[in-house]
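[1] I'd like to go over a predicted model; first the sequence, then the structure.
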Amino acid sequence: MKFKSALAASLLLAGTAQAAVIMNMLEVGSDVIISGSGSINITGFSSTLAPPNSGTSFIPSQGVVSNRTLVDWRQTYNGVGLTGPTNFGAGGNTIGATPTGDIFGISRSSDTITVADGYQSNDPLSFSMTYSNTTIAGLGADIGSYVWTLSNNDTVTLNVGSPPPAIPTPLPLTLLLTGGLVGLSLRKRLQR
């Protein structure tokens with residue numbers, strides 16, 4: 001009975017997981033690359049259809065990162081209840097990056113999320129922007145990790161500078177399991 005209760009609780013909790021987009025901004029050679037992936041839940045937010053325009057936009061002083069193409073229509077979701085840092089540096093608007101992948105944008109200053117027209121909540125996103133012949137400092141961004149939360153508890157994270165630390169391997173658990181298997185093997189040998 002306890003197993004069924006634990007299983008039901010874990011399934012219930014699994015259904016409440018929130019979506020997240022994680023972006024990493026790194027210097028690669030003489031370029032700065034911002035790459036991102038994840039998903040976002042846009043259910044319940046009102047949107048405005050916007051035509052293709054100038055491509056990418058990067059404004060650290062206003063908390064804006066936007067990967068747009070010159071040919072795709074997009075939906076801008078307004079009033080998404082963004083909380084978190086108002087900026088991630090003092091830099092002004094930098095356009096002209098080479099965008100690839102899906103359309104995605106966040107603007108803390110205007111409280112908006114932008115995705116491609118036709119995007120469905122929680123669909124996977126994958127995108128990048130390459131700013132040629134510049135540095136993170138040259139774009140006016142400050143090294144650090146910045147997290148914004150939408151009113152639906154989805155999050156958008158921007159890691160500027162070194163990549164986030166890798167998730168460590170659970171070595172103690174591995175040692176415990178290995179020790180347990182060795183112990184069982186020895187026990188069987190001693191019983192013979």
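    Perfect, thanks for sending it. Numbering: from 1, shown residues only.

[2] Quick check: beta-bridge partners of Ser66?
    When assigned by DSSP bridges, Ser66 has beta-bridge partners Ser57, Gly105.

[3] Let me see the contact set for it.
    Residues in contact with Ser66, defined by Cβ atoms under 8 Å, 6 or more residues apart in numbering, are 56-58, 104-107, 114. Just so you know, the C-beta spots here come from the backbone N, C-alpha and C atoms, and that holds for glycine as well.

[4] Spatially nearest residue to Asn133, not counting backbone neighbours?
    Nearest residue to Asn133, sequence neighbours excluded (Cβ to Cβ, 6 or more residues apart in numbering): Ser30, at 5.3 Å.

[5] Next one: that neighbour relative to Thr134, how far apart?
    For Ser30, the distance to Thr134 equals 8 Å [Cβ to Cβ, to the nearest Å].

[6] From the neighbour counts alone, determine which of those two ranks first.
    Neighbour count, other Cβ atoms under 10 Å: between Ser30 and Thr134, Thr134 has more, with 15 against 9.

[7] Keeping just the C-alphas, turn stretch 46-59 into CSV.
    Extracted in CSV, the C-alpha atoms of stretch 46-59 (Å, rounded to 0.1, in the frame of the first residue of the first chain):
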residue,chain,number,x,y,z
SER,A,46,-2.0,37.3,-24.4
SER,A,47,0.1,37.8,-27.6
THR,A,48,0.7,40.2,-30.4
LEU,A,49,1.7,38.9,-33.9
ALA,A,50,4.8,40.7,-35.1
PRO,A,51,6.3,40.7,-38.6
PRO,A,52,9.9,39.8,-39.4
ASN,A,53,12.4,42.6,-38.5
SER,A,54,16.0,43.4,-37.7
GLY,A,55,17.0,40.0,-36.4
THR,A,56,18.7,39.6,-33.0
SER,A,57,18.7,42.1,-30.2
PHE,A,58,20.9,42.1,-27.2
ILE,A,59,20.5,44.9,-24.5
